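In: Provide a 3D model corresponding to the input given below.
(chains A and B)
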Amino acid sequence: MELELRINGVTEDREVAPNELLLSLLRREGYSSVKHGCESGECGACTVLVDGVPRPSCVMLAAQAGGCSLMTVESLGTSEKLHPLQEAFVEIGAATCGFCSSGVLLSAYALLQQNPKPTEEEVRDVLSGHLCRCSGNGKSVQAVLRAAARLRGEHVLPMVYNIANEQQDQAGLTGHLSALGVSGKIRNLMAKASSEGASGNVTTKIPVMTPEVLMNTTHVAVNTGEANALKTSALQSVGAPVPARNAKQLMTGRPSFVDDIHLPNMLYGRILTSPHAHAIIRNISTGQAASLPGVYAILTYRDIPRIAYSSVEHPHASEILDQYCLDYIVRYVGDRVAVVVAETEEIAEQALKLIEVEYEVQPALLDLRQASDPGVVRVHPETELRGPHDATRNIAARVRNEVGDVERGFAAADFVVEGEYIVPASHPALIEKHMVITYFDDHDNLVVRTNTQIPHHIRRTLSHVLNLPQRRIRVVVPEVSGDLGGRQAIELEDLSAHLTMITKRPVKLAYSRTEEFQIARARQQHIVRLKTGVSRDGKMTANQMVMLADTGAYGTHSLLVRPQGLNALALYPVANMRFVAEVLYTHHSPAAPSQGYDLGPESFALECHLDEVAKRLRMDPLTFRQQNWLRTGDSYPFPLANTGKSRDNGMLVDECGLPECLQAVRAKIGWTEKHGKPSSDRFRRGVGIALSFYGLPDASLGTSGAMMKLNEEGSFDLFISHNENGTGLSTQMAQIAAELLGVPLDDILVHGFDSVTSPFAASMHDFSAFYSCGGAVKKVSEQMRRQVLAVAGRMLNVVPETLKLRDGSIKSAQGQHVTVAQVATYALYEESRQLMTTASWKAQAMPMTFAAQGAEVEIDMETGGIRILKAVSAVDVGTPINPMFVANQIESTAIHSLGLAISEELLYDAQGALQTTNFRDYHLLTAADLPPLETILVETNNSSELFGAKSTATVALSGMPAAIVNAVADAVDVRLHQLPVSAERVLRAIHAMMTKQSS
Amino acid sequence: MRMLLELVEYHWAEDIDDVLLLLGRHDVKTVPLAGGTHLLGLQDTTIEAVVDLRDLGLAYVTEDAAGMHIGAMTTLQSMVDASLLKEFATGVLSHAAHASSSSRLIRNSATLGGTISTGIAAQADLLTALAALDAKVVVRSGSRTQVDLRGGTYERPGLALSGVVFKGKQERQVNYIDYPVERRANELIVEVIIPPLATHYGASITRIARTPTDVALLNAVALVEIEHGMYKRVRLTLGGVNMDPVRLYAVERQLEGQKVVHPINSQKLLSILHTGMSTFRPANDIRVSSGYRRVSGMSLAYRALEEAMNVAYWHSMVTSEKGL
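Out: Okay, the predicted model is just below:
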């Protein structure tokens, strides 16, 4: 049917099928800002304005837009002239990965067209339809308020990022908290200004800086430590809150992601998945499906070699080879059965329905506690299996670390407190779904364009399963929308590659949103048992953590993560400690970590448990922690996880900012005034705090490389091993390089990942990548600086060591100077030499990042309903490379952790079928759900080789759930042992307590 | 990307009769298309044709002696924003429409008619509110003797109606609470009418959810009307995710005709609820158990009724003072 559409002011006729979605039409017409995130309108990535109203185009037929006027972000502004909304998003870092931004911008634009002076609540409501994992949308609200102020003609001052050192200010917190760049004093005064009618839509959550606000503000001294002052005073690029290097590109919706290219002759794949948690495929018939016009190939286990592989990278542990591209056994609901490739996605979908499969359904193992019981069904009975600890008992891996004599420690204790804590399965729920495009390039090399974080492992594994030399496989990673632990495994790349190998045509393979939840890696259930011995005076004598971790049907990241789990115990070092973990197979979907190799389950259990121990001792839980926590100068208490080497001689904890973090959170949450003050009202309030840390004592994980070349114009091409995924990593790498090379940031051109040009890196999660990638960039920049200065020295006939390099200009002590561009030209044409260098880096230390998080909650005694009144995160950030990214990363992680605390949970039925397969059932917090958040950056001195910076990935994920559970306990005197904190769990606990009291 | 794989016809109707003709076809499975938020997510391969209802003029909120009229194509967000609804029934409908989806985008698209048609799958608080306010669903149907889709008419370009004889046009009103049982194939929801409220009324909505914007694990809507110092009409409805709204008739009957007492006798009200809710057996859901709904339902019902009674009482006091 022919359709008349007015898109971005241009009226055009388009031929559409009656069932074509508006999203599909717009994307094939080249409007790449309109993203495909779900198929139910719930994520908001596909938003367009239809006659000025924001609507999700994935649940709208193209025909429904006939005669309507459509607007996409492509018409909002350009890179040369951004719309004030886009400017504000760029300026404050709301432009994270950018995948969701276009939709958010359009909703905000529509709002401001109707209401130039919206309240914060109105902005939050308007953005409620947009899910954002990278930023959590707190920053988007702020950006809209800033833009609104600008559009009203108000002058909005730049954000000021005051990084403070708590140790230098004993007077209190208000003068030096650097929450989102605004100190506590400023925050309070802004609130006052607002009440007096000042403009700027001031909010206690995320303030807008206006002159009126600042006029009421006294100057806040930033008491940085002496060492840091010295360290940062001479720095130009490092420490600056510069926007992401790709922010304009992302804000204008230009093609950036895997799905944003369309290749000629591209075919589309779809996967037939198992409806059973455990079954043997007795027969599979593809004849009818294969005869469907437009179907190019169908693959089942019969069609490809049965080569065992691991979908995740195990740089240290011996690999567990327990997965096959396609197998005759299916091990979870959603496991692969067959894959079809066809002319269109719809034909492929139809073909799936024509495949006849005869399953012999087997008993399924769905209860983690029963996984290793005698006689229980085996998840991996196959003889080809390699690597699991004990496949006969479904034990994929076992971790045991022990120091001292734990039993003696318990015997010496006055009290021994035990508890069991359950962390349910949850999902990264990335808005950009997993997707891969494979094709052969002009050199007959297989190109794999995918949104992953493990490109090297993919290349290695594809070579293995395809029997294709690695040199013929090129992995390209464009912009990626967030990681959250969900991009650490091979998801679709192997099947897509097989299809391209067979058809010799480009193939696109993607999960649907339902498949994302069913198939893509999830954080599966953890059961953690703690046993702690304490003396009456509050000193721990022994501590033991025993954990059961569900790795699902295949041995994945639990194998890597769980050895790190002992780090959680190490936060409270005792002479006698034991950490035992069993990683167990079940018939659930394969496991993934959350964010980096997070310590969420362990920290949740430990931080809840410590409150219980303190209660037993009748002691303030914070005092109890302070008596036992890790301190500056302490040795790491365990042998190294992966090497077994002792750290007795090493001073790993060179700087621990926990006291400052705790002090900050304690003050902001009102601990002294509010804790332990129960009321008898219907609505009862309580506060809770939890501590956490994250670090990788085994620094050998962090091998990485970097390459750099100087261009004729004076710019530097920088090739790094890690891709951008919304954390601002590549911008921070550029800042490091610019700092060391003494050039403007724009002169550093960071290139995304392409296995042809990018160096190798092991361990690609966000935490370690910061150090390993940063170390390589630092080293390569230092080498390049030496080369540049050497040439300049020859040009100026002076000793290079006497030269100063700053702002792209090299000056001698005598006042002579040349520019970097002149150096480049001289080297190329006079010395016939290309200045370029490479560096390999093995991080020697990954400083531990410490955090304290607190929450205030209100509980309805009648229903158990919970309301989070406030959430505070204080993180020891060292000296941030870019405080804007650091603050944003902490805030977004805290929002994620709030979701894990109260709503995020994967729910299965009795047959192992996932029930939460869309964003409505798996509810992520929206902008309208967020409580007031505060993020405090606590600066400390440390020996980080990256200008004293610490990685802030992951750490804010660990403490908040425990802080909330502890706050619930403070409010209503009941202890929950399971996440999420649901109204039902709270009410049941209250009733149980009342019953106990009455009896 | 196509969600309705077998969809081959798209009709953009400008007249309800045209819609009814298309819906009445036996050879082509045809369904009405309102906002599309539910329908297009179904991946229903039996649907062959849709009729777009956007130009039928069914998006409105008006009030007359018969009550509040809300067109079936009124979006949830329009209901949230409609000033008439903000004032009507203490804003219960407006609040319920807002709580019916956590997403403003969905509310911009989803319609009242679509929400009613979708039923409990809509997971909408609005359904509980409609039940409590005695909403009537106005539906139209018709039958025809012949449909020839090969031709067309000058008046209705794009829709082939030559040779059609249309007869038996019917319009009926169904109480919303009975609609899931009373609904018939090929009927089109055109309007919802909320009967007028008494001068002295109070209404209230309460809910429990995992987060402020999440679907309600349980919600309660109460309506209380006072006349001559007596509770005249009392409605109490509980609903929630994946459960049909449940009218608590036993509670309503016990309260109707009772003398208004202020302040409310809490013990008596609790006793009435205790008795009246003894048969309340809500369904389990993956997020919440039946047992929890039963227990917390008592609390929600109490709070909703209490507030509605108080508001109704205050209304009666204010009007008395004004001598009305």
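In: how many neighbours does the closest residue in space to A:Q362 that isn't next to it in sequence have?
Out: Spatial nearest neighbour of A:Q362, excluding adjacent residues (CB to CB, 6 or more residues apart in numbering or on different chains): A:H278 at 4.3 Å. Placement of C-beta: from N, CA and C, glycine included. A:H278: 27 surrounding residues under other CB atoms under 10 Å in any protein chain shown.
In: what does the stretch 201-324 of chain B put close to chain A?
Out: B:208, B:210-215, B:217, B:286-289, B:292, B:295-296, B:299-300, B:303 (CB under 8 Å from any CB of the partner chain).
In: just the buried ones among those residues, please.
Out: B:208, B:210-215, B:217, B:287-289, B:292, B:295-296, B:299-300, B:303 (16 or more other CB atoms under 10 Å in any protein chain shown).
In: return the residues in contact with the residue nearest to A:Q362.
Out: Going by CB atoms under 8 Å, 6 or more residues apart in numbering or on different chains, A:H278 touches A:329-332, A:361-365, A:377, A:379, A:587, A:912.
In: so which of those residues is the closest to A:T952?
Out: A:Y332 (33.9 Å; CB to CB).
In: among the buried ones among the residues of the stretch 201-324 of chain B next to chain A, which are in strands?
Out: B:208, B:217 (DSSP state E).
In: and A:A591, what are its bridge partners?
Out: Per DSSP bridges, the residues bridged to A:A591 are A:A522.
In: neighbours around B:K268, how many?
Out: Per other CB under 10 Å, the neighbour tally for B:K268 reads 13.
In: per-residue pLDDT of residue 216, please?
Out: In the absence of a named chain, chain A is used. At A:N216, the model reports a pLDDT of 35.
In: could you do chain B instead?
Out: pLDDT, read off for B:A216, is 97.
In: burial measure for it, as a count.
Out: B:A216: 26 neighbours (other CB under 10 Å).
In: walk me through which strands the host helix or strand of A:V857 pairs with, and which way each runs.
Out: A:V857 belongs to strand A:849-860 when assigned by DSSP states H and E. Next to strand A:849-860 in the sheet, as set by DSSP bridges, lie strand A:683-694 (antiparallel), strand A:866-878 (antiparallel).
In: wait, which of these is closest to B:K268?
Out: Among these, strand A:683-694 comes nearest to B:K268, with 24.1 Å by CB to CB.
In: distance from the chain centre to that closest one, please.
Out: 22 Å (CA atoms, centre = their mean, to the nearest Å).
In: give me the mean pLDDT for that strand.
Out: Mean predicted confidence for strand A:683-694 is 95.
In: export the next helix-or-strand element following it to CSV, keeping only CA atoms.
Out: Per DSSP H and E, strand A:683-694 leads on to strand A:703-710 as the next helix or strand towards the C-terminus. Extracted C-alpha coordinates of strand A:703-710, given in CSV (Å, rounded to 0.1, in the frame of the first residue of the first chain):
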residue,chain,number,x,y,z
THR,A,703,47.2,-7.4,30.1
SER,A,704,46.6,-4.9,27.4
GLY,A,705,48.2,-3.0,24.6
ALA,A,706,47.9,0.3,22.7
MET,A,707,49.3,1.7,19.5
MET,A,708,49.8,5.3,18.5
LYS,A,709,50.9,7.2,15.5
LEU,A,710,51.4,10.9,14.9
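In: what mean pLDDT would you report for strand A:703-710?
Out: On average, strand A:703-710 scores 93.
In: you'd agree A:L937 is up against A:G878?
Out: No: between A:L937 and A:G878 there is no contact under CB atoms under 8 Å: 9.7 Å.
In: mind putting the strands paired with strand A:849-860 into TSV with distance to A:L630?
Out: As requested, those are exported to TSV (distance: least, CB to CB, whole Å):
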stretch	distance to A:L630
strand A:683-694	7
strand A:866-878	12
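In: let me have these in TSV, adding mean neighbour count and distance to A:D537 as columns.
Out: Formatted as TSV, the strands paired with strand A:849-860 follow (neighbours: other CB atoms under 10 Å in any protein chain shown; distance: least, CB to CB, whole Å):
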stretch	mean neighbour count	distance to A:D537
strand A:683-694	26	20
strand A:866-878	27	28
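In: so which residues of the stretch 1-150 of chain B form helices?
Out: B:16-23, B:76-81, B:83-87, B:92-99, B:104-109, B:112-118, B:125-132 (DSSP state H, counting those that start in this stretch).
In: okay, now the unreliable bits of the stretch 201-350 of chain A?
Out: In the predicted model of the stretch 201-350 of chain A, residues A:201-234, A:314-318 satisfy pLDDT under 70.
In: what's the answer for the stretch 201-324 of chain B, then?
Out: Ranges of the stretch 201-324 of chain B meeting pLDDT under 70: B:319-324.
In: apply 80 and report the result again.
Out: Within the stretch 201-324 of chain B, the stretches with pLDDT under 80 are B:318-324.
In: quick one: A:P116 and A:R150 touch, right?
Out: No: between A:P116 and A:R150 there is no contact, the gap being 10.7 Å when judged by CB under 8 Å.
In: so the two - more neighbours on which side?
Out: Neighbour totals were compared for A:P116 and A:R150, and A:R150 leads with 16 against 12 (other CB under 10 Å).
In: which residue is the nearest non-sequential neighbour of that one?
Out: Counting by CB to CB, 6+ apart, the residue nearest A:R150 is A:P84, at 4.7 Å.
In: backbone dihedrals for the one you found, please?
Out: Backbone torsions of A:P84, given as degrees, to the nearest 10, read phi -50, psi -30.
In: out of the helices of the stretch 1-150 of chain B, which is closest to A:M784?
Out: For those, the distance to A:M784 is smallest for helix B:104-109, at 48.0 Å, taking CB to CB.
In: picking up where we left off before, okay if I get the helices of the stretch 1-150 of chain B as JSON lines plus mean neighbour count?
Out: Output for the helices of the stretch 1-150 of chain B, formatted as JSON lines (neighbours: other CB atoms under 10 Å in any protein chain shown):
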{"stretch": "helix B:16-23", "mean neighbour count": "22"}
{"stretch": "helix B:76-81", "mean neighbour count": "22"}
{"stretch": "helix B:83-87", "mean neighbour count": "15"}
{"stretch": "helix B:92-99", "mean neighbour count": "26"}
{"stretch": "helix B:104-109", "mean neighbour count": "27"}
{"stretch": "helix B:112-118", "mean neighbour count": "25"}
{"stretch": "helix B:125-132", "mean neighbour count": "30"}
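In: nearest spatial neighbour of the residue in the stretch 751-900 of chain A that chain B sits nearest to, skipping sequence neighbours?
Out: When scored by CB to the nearest CB, the stretch 751-900 of chain A has A:E862 as its residue closest to chain B, at 3.9 Å. Nearest non-adjacent residue to A:E862, counting by CB to CB, 6+ apart: B:S299, 3.9 Å away.
In: and what of B:L248?
Out: Here the residue nearest B:L248, using CB to CB, 6+ apart, is B:L236, at 4.5 Å.
In: sec struct for that neighbour, please.
Out: Here B:L236 is recorded as strand under DSSP: H, G, I helix; E, B strand; the rest coil.
In: A:S897 now?
Out: Assignment for A:S897 (three-state DSSP): helix.
In: nearest residue to it other than its sequence neighbours?
Out: For A:S897, the spatially nearest residue (CB to CB, 6+ apart) is A:M960, at 3.8 Å.
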